[in-house]
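J.: What follows is a predicted structure for the sequence shown.
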Amino acid sequence: MKLRVETTSRGSVEQNFAGRVEQRVREQACRESGALSYAVSIERTADGGARVEVRRVMPAKVPDMVRRFVGDDITVEQVERWGPPGPTGTRTATVEVTVKGQPASMTGSMVLSPDGPDGAGCTELVTGEVTVAIPFLGRRIEPEIVKVIEAALRIDHRVGQAWVSRPD
């Protein structure tokens, strides 16, 4: 099932990227998402990119049909591999999301692009393919997994925007 989440920001691409690779921002997003526990690892790369790993144990707020498969909580691991800034000022990451112990995952990309007449704003676009490899039921469960991933992405964005907008 396709996933597409697009958000905008007044901050620049580089300000938004800085928020995405800020430990405190990612940890705050985990807390605000209701994670029972979490771990965040951020490693800058020599080319100006970064590798971000976020592991969250979340309460299983899913329909009963899905809860029978996943249990009372869900461990979600997200890995972002950010490259250096592109020639037009964009930043791109590959994104992999896995639900540990479950046949559910998402692979996709995240792109931060300059927005507005002077490029002072930013558009963030996350696209991907969510799959649940359970015969017959996978297609019925995929929309629920998409909702969970979308909610986490929107919280990440909101917390990042608060950080970008903070007074210096």
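T.: Ah, there it is. Numbering: from 1, shown residues only.
J.: In this structure, where is pLDDT below threshold?
T.: For the chain, applying pLDDT under 70 flags the ranges 61-71, 167-168.
J.: Tell me how far the closest residue to Pro103 other than its chain neighbours lies from Thr127.
T.: Once flanking residues are discounted, Pro103 sits nearest to Ala133: 3.9 Å by C-beta to C-beta, 6 or more residues apart in numbering. C-beta here means a position set from N, CA and C on the backbone, and glycine is covered the same way. Taking C-beta to C-beta, to the nearest Å as the measure, Ala133 falls 20 Å from Thr127.
J.: the more surrounded of these two?
T.: Thr127 (15 against 9; other C-beta atoms under 10 Å).
J.: Which neighbours in the sheet does whatever helix or strand that one lives in have, and how are they oriented?
T.: Using DSSP states H and E, Thr127 falls within strand 121-132. Using DSSP bridges, strand 121-132 pairs in its sheet with strand 2-9 (antiparallel), strand 104-115 (antiparallel).
J.: tell me what whichever helix or strand comes after that strand is packed against?
T.: On the C-terminal side of strand 121-132, the closest following helix or strand by DSSP H and E is helix 138-164. Here helix 138-164 touches strand 2-9, helix 13-20, helix 23-32, helix 64-70, strand 73-82, strand 104-115, strand 121-132, going by 3 or more C-beta pairs under 8 Å, 6 or more residues apart in numbering; DSSP states H and E.
J.: Bridging across strands, which residues link to Leu112?
T.: Arg91, Glu124.
J.: cool, and Ala39?
T.: Arg55.
J.: Need phi/psi at Glu22.
T.: The phi/psi pair for Glu22 (degrees, to the nearest 10) reads phi -100, psi 120.
J.: one step back: and the strand holding Thr127, C-alpha only, in CSV?
T.: These are the backbone C-alpha positions of strand 121-132, laid out as CSV (Å, rounded to 0.1, in the frame of the first residue of the first chain):
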residue,chain,number,x,y,z
GLY,A,121,10.6,27.6,3.3
CYS,A,122,10.7,23.8,3.0
THR,A,123,8.5,21.1,1.7
GLU,A,124,9.0,17.6,3.3
LEU,A,125,7.7,14.7,1.2
VAL,A,126,7.7,11.1,2.5
THR,A,127,6.7,8.4,0.1
GLY,A,128,6.9,4.7,0.5
GLU,A,129,5.4,1.3,0.1
VAL,A,130,4.0,-0.5,3.1
THR,A,131,3.7,-4.2,3.0
VAL,A,132,2.3,-6.7,5.4
